[in-house]
Structure formats: C-alpha cells, structure tokens
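Student: Sequence plus predicted model, see below.
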Amino acid sequence: MSAVRKPAVRQPGASRPAAPHTTAPTAAEKSPVGKTSAGKKAAVNETPEKPAAAKKAVAKKATAKKAVAKKSVAKKTAAAAGQAPARTTATKKTAAKKTAATQARAEKTPARKPESRVAMVRRARRINRELAELYPYAHPELDFTNPFELLVATVLSAQTTDLRVNQTTPRLFAVCPTPEDMAAMDPERLEELIRPTGFFRAKAKSLLGLSAALRDRFGGEVPGRLEDLVTLPGVGRKTANVVLGNAFGVPGITVDTHFGRLARRFGWTTAEDAEKVEADVAGIFPKSEWTMLSHRVVFHGRRVCHSRKPACGACAIAPLCPAYGEGETDPEKAKKLLKYELGGQPGQRLKPPADYPGQPAPPMAPPAAAS
C-alpha cells in the first residue's frame, strides 16, 4: 500500500511560504490610461445604489429649505407692509369711496343717448332762457361807479370773493379815486388798504402798474378795446371782458371758475383752458347774449350748482343737465344747500341794483381798537 501523505502543519514562528510565481504584466496593464479606464469601470460596478430611505431624507431636507425660504419672504413682506405710511391706506380708502360714489351717481343718472351738435346747441340755448327766467336780476356782483373802479375791483377779485372786494374798495377809492392818485400812492400804504383781499403785494404791484399805464399811455382813461386792456399789468381776457361788457356795453364771455365748471357740466365744452372754453361757448350763443349769459351762469354756479355739492334736487334746469345726480337730489336736502338770496342770505354787493330781491351785504367790520 502506498502511504497516505499528511498535510504539512506550519509551526508557530515559522515563515510564510513564498507566493506562487506570477506572469509578467502586459503592456495594457502597464499603461496609465488602461489603469484609469479599468478603475472607473470597476468603481461603477462596485458602487452600490442608494437606499430609498436616503433619497426620502434628501427630499425632505430640500422641502424644508423651501418652506423656510417662503416664510422668510412672507415675514419681509409683512414687515414692509407694516412700515408703509398710514396715508397710503387712507388714500386707498378715499379712492374706494370716490369710486363707489361715482358708481352710485351713474346708477341714479338715467342713460342719455349720444347728442348731436344741433341738439346740444338747442339744449344750451334753452338753458340760457331758463336761467334768464330764474335770474332776471342777474348783474355783475362787484360794486363800481365807473370803468376805473370796475377794473380795479376785478383785479382785486382774483383768489377771493366779490363780497370781500366790495367790503375793501370803499376805503381804497376814498383815498385814490383816479388812476393818477393810485399811481402816486406809497406801495406799503396801498398794500395795507387791499390786504383783506389776499395776495396783496402782487395785487398792489399790478394796481400801481396799470394806474401808471393809464396815466401815461391812455390819458388817465380806461380804454374800451380788448387789445388795449390786456396790455395793462394784471389784466387778462377775463378781466378785460368784465370791463368791456359791464362798463362799455361790448359783448364778452367771462370765464371764471364758476362759468368753466358749469359749461363743462352742461356739455357745452370739455376744455379746461379758459380761452378754449370761451371760444367753444361763443360758437353756441349769439354775440348779443354773451354778457348776460356770463352773469346768469355765474349766478347759478354760486347759488345752486356748487363745486363740491351741487343742489341738483333744487335746480330748475335739472331736466336739461347731463350732470344731474352729481349732487344732492333730494329736494328738501337740496334746498338747504342754496346760497345768497335763494337761501335767504345777504348777497355779495353792498349796493346791489334796485331789482335785486335779496339783502345787501354788510360792510366790513371796523378793525379792533388797539389796547
């Protein structure tokens, strides 16, 4: 029998057996490129896929970051809104109220068909006839006895009431009744006399300039031509038309704030510029009506068709007015808005015409005595 060969047992402390002989590396194995390519493939093959739990954790972190960013933006927006000035909110509320009021008026006001030029002219002239019946006593509401006094009073009427002018001019004309007298006045003394009318320095400068011009260029007389009047300091088309229409009998349309407002409400014009309004209205009415038309429209604007709250419910020409409904339509409430003689109050003239149905305005109270 052949003997069974037992495996060799390595004793403690004995050295490891030599590694078996290997063959030499090939050229591809020696090349660095080959090593890199092989290494990448091995790395790809050996990289384990991420577990589902890890993917969910990453997604949760991304969602959390987005939520934090949204909260931060919301906080900044809230802080900015909190720092906005209170007047912004007030402005929005005011705008909302105005919009609501406009919508309410639009709902109350019946819709009108488009109006032709011919129909508008007919309606405008009918309004003029109605106003003539309502105000047969219409007149210029400035006290004067000659063209020079009317010219001065009209210059002073800018940015104030005719009543205040009428209360101021008696003292003024007692001191300087003629252009020569006024041109020779001390500026400070003149300013003091016209102070109650406001803007007294600018007005005093205009009065001194126009008085000197009347003295030097027109022989101390107020000219009766628009071309000459508008060359005087402080005199424009409105003032010139007032003087021409009421002191010389030359027809003219006086476009003040009242006339312009009503001309637009009546649909006679859409212009804001006074000269354009004058031209538009002049094309509707005959020239012979211009001066009295101006008085009637201004009377109506001061007494009934006010700027802020027209008394629509007490207006005699409401059926002819495209703007009906902009003001108070209740008749009883509207009556309480009427002014001057229609409201049982004094007028603006201290010396009104004989046919004026109202009360004369009171003179200015004397200044308090110095203590």
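Tutor: Arrived safely, thanks for sending.
Student: Mind pulling up the pLDDT for the residue lying closest to residue 184 once chain neighbours are set aside?
Tutor: Using Cβ to Cβ, 6 or more residues apart in numbering and skipping residues adjacent in sequence, the residue nearest residue 184 is residue 176, 8.0 Å away. For the C-beta atoms, the positions are set from N, CA and C on the backbone; glycine is no exception. What the model reports for residue 176 is a pLDDT of 97.
Student: tell me the SS of residue 293?
Tutor: Classification of residue 293 by DSSP: H, G, I helix; E, B strand; the rest coil places it in helix.
Student: my guess is it meets residue 287, correct?
Tutor: No - counting by Cβ atoms under 8 Å, residue 293 stays clear of residue 287, with 10.3 Å between them.
Student: quick one, which of those two is more surrounded?
Tutor: Shown here are residue 293 and residue 287; by other Cβ atoms under 10 Å, residue 293 has more neighbours (26 against 11).
Student: now the more buried one: how far from residue 348?
Tutor: Distance of residue 293 to residue 348, computed by Cβ to Cβ, to the nearest Å: 19 Å.
Student: Equivalent analysis for residue 334, please.
Tutor: 22 Å.
Student: What of residue 311?
Tutor: For residue 311 relative to residue 348 (Cβ to Cβ), the value is 18 Å.
Student: Show me which of those two is the more surrounded one.
Tutor: Each of residue 311 and residue 348 has its neighbours counted (other Cβ under 10 Å); residue 311 has more, 25 against 20.
Student: And the pLDDT at that one?
Tutor: 98.
Student: Same check on residue 217?
Tutor: pLDDT, residue 217: 97.
Student: what's the neighbour count on it?
Tutor: Other residues near residue 217 come to 12 when the count uses other Cβ under 10 Å.
Student: same thing with residue 117?
Tutor: Using other Cβ under 10 Å, residue 117 has 9 neighbouring residues.
Student: same deal with residue 284?
Tutor: The number of residues near residue 284, taken as other Cβ under 10 Å, comes to 20.
Student: tell me the contacts of it?
Tutor: Going by Cβ atoms under 8 Å, 6 or more residues apart in numbering, residue 284 touches 120-121, 124-125, 268.
Student: Tell me the one of the residues you listed nearest residue 144?
Tutor: Nearest to residue 144 among the contacts of residue 284: residue 268, at 28.6 Å, using Cβ to Cβ.
Student: for that closest one, helix, strand, or coil?
Tutor: Applying three-state DSSP: residue 268 is coil.
Student: hang on, it packs against residue 123?
Tutor: No - contact criterion Cβ under 8 Å: residue 268 and residue 123 do not qualify, at 9.3 Å.
Student: can you list the weak-confidence ranges in the stretch 251-371 of the chain?
Tutor: For the stretch 251-371 of the chain, the stretches flagged by pLDDT under 70 are 367-371.
Student: picking that back up, so what's the residue count around the residue nearest to residue 184?
Tutor: Neighbours of residue 176 (other Cβ under 10 Å): 20.
Student: so what's it up against?
Tutor: 182, 184-185, 190, 211.
Student: can you check residue 346 too?
Tutor: So residue 346 contacts 340, 358-362 (Cβ under 8 Å, 6+ apart).
Student: try residue 210
Tutor: Taking Cβ under 8 Å, 6+ apart, we find residue 210 in contact with 151, 155, 179, 232-235.
Student: Weed out the non-buried ones from these.
Tutor: 151, 155, 179, 232, 234-235 (16 or more other Cβ atoms under 10 Å).
Student: one step back: could you point out which of the contacts of residue 284 is nearest to residue 279?
Tutor: For these, the nearest to residue 279 is residue 268 (11.2 Å; Cβ to Cβ).
Student: Give me the neighbour count for the closest one.
Tutor: The burial count for residue 268: 22, using other Cβ under 10 Å.
Student: where's it relative to residue 256, distance?
Tutor: For residue 268 relative to residue 256 (Cβ to Cβ), the value is 15 Å.
Student: can you check residue 113 too?
Tutor: 32 Å.
Student: More neighbours: these two, which one.
Tutor: Taking other Cβ under 10 Å, residue 113 and residue 256 do not tie; residue 256 has more neighbours (16 against 6).
Student: and that one, how far is that from residue 166?
Tutor: Taken as Cβ to Cβ, the span from residue 256 to residue 166 is 16 Å.
Student: Next: residue 192.
Tutor: 18 Å.
Student: Those two - which one has more neighbours?
Tutor: Between residue 192 and residue 166, residue 166 has the larger neighbour count (other Cβ under 10 Å), namely 26 against 13.
Student: Assign that one to helix, strand or coil.
Tutor: Classification of residue 166 by three-state DSSP places it in helix.
Student: which stretches of the chain form strands?
Tutor: Ranges of strands in the chain, per DSSP state E: none exist.
Student: Please give me every residue in contact with the residue lying closest to residue 316 once chain neighbours are set aside.
Tutor: Leaving aside its chain neighbours, residue 316 sits nearest to residue 134 (5.2 Å; criterion: Cβ to Cβ, 6+ apart). If you count contacts by Cβ under 8 Å, 6+ apart, residue 134 has them with 296, 300, 316-317.
Student: and if you look at residue 216?
Tutor: Residue 216 touches nothing, counting by Cβ under 8 Å, 6+ apart.
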